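Chemist: need coordinates for the following:
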Amino acid sequence: MAHKEEKYELRDYGLTDPAVLEAATRMAPALFTALRLAHTLDQSHYPIESDDAIERALITVADDDKQYTHSGTRITAKAAKDRFPNELLPIADKLDLLRKVYQAILISHRESSRLRWERVNNGTEPLKASHPLPKEVV
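Modeler: Numbers count the residues shown, from 1 in each chain. You can find the predicted model right below:
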């Protein structure tokens with residue numbers, strides 16, 4: 001028996017509820033930034049086959065400072081060019097952009113964690129919570 005693809009709709013996740021959407025955006029800002037980028041770039045930018053093409057695509061949606069800001073996440077044109085792994089190229093379309101930007105986010109987070117742990121191990125940075133809880137006011 002063949003596996004049937006499920007059709008998902010925004011309401012299945014509560015994303016039509018403004019409070020749920022806001023909470024989800026706060027919990028995964030980089031993913032929602034990737035979603036917004038995929039939605040914003042038109043088809044004329046695909047396929048994206050080089051880091052220069054990544055930079056050009058980002059510049060088309062960027063502000064005057066050559067950066068794109070959404071959901072509290074800021075991506076500069078230079079960072080998009082320099083930090084996106086070339087192994088993830090080419091990018092064929094919007095769905096491929098979303099998938100590969102998400103992969104790049106995971107790679108970046110893992111690399112940042114590795115570098116931080118290296119600094120902790122060599123004593124140049126103290127060990128502390130990456131997401132400390134707010135202090136309770138009494």
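Chemist: neighbours of the residue nearest to residue 43 when sequence neighbours are not counted, how many?
Modeler: Of all residues not flanking residue 43 in the chain, residue 93 sits nearest, at 7.5 Å (C-beta to C-beta, 6 or more residues apart in numbering). All C-beta atoms are positioned from the backbone trio N, CA, C, and that covers glycine. Residues near residue 93, counting by other C-beta atoms under 10 Å, number 14.
Chemist: I'd say residue 38 and residue 92 touch.
Modeler: No - at 11.9 Å, residue 38 does not count as touching residue 92 under the criterion of C-beta atoms under 8 Å.
Chemist: which SS state does residue 68 fall under?
Modeler: Look at residue 68: counting by DSSP: H, G, I helix; E, B strand; the rest coil, its state is strand.
Chemist: ok, it to residue 86 distance?
Modeler: Residue 68 sits 20 Å away from residue 86, going by C-beta to C-beta, to the nearest Å.
Chemist: and residue 104, by the same measure?
Modeler: Distance from residue 104 to residue 86, by C-beta to C-beta: 11 Å.
Chemist: the more surrounded of those two?
Modeler: residue 104 (19 against 9).
Chemist: could you check which of residue 38 and residue 92 is surrounded by more residues?
Modeler: Comparing residue 38 with residue 92 by other C-beta under 10 Å, the one with more neighbours is residue 38, at 19 against 13.
Chemist: tell me the contacts of the residue nearest to residue 43?
Modeler: By C-beta atoms under 8 Å, 6 or more residues apart in numbering, residue 93 lies in contact with 43, 46, 47.
Chemist: for it, phi and psi?
Modeler: Phi and psi for residue 93, reported as degrees, to the nearest 10, are phi -160, psi -170.
Chemist: can you tell me the SS state at residue 74?
Modeler: The local conformation at residue 74, judged by three-state DSSP, is strand.
Chemist: report how many residues lie close to the nearest residue in space to it that is not next to it in sequence.
Modeler: Take residue 74 and drop its neighbours on the chain: the residue closest to it by C-beta to C-beta, 6+ apart is residue 67, 5.5 Å away. Here the number of neighbours of residue 67 (other C-beta under 10 Å) works out to 16.
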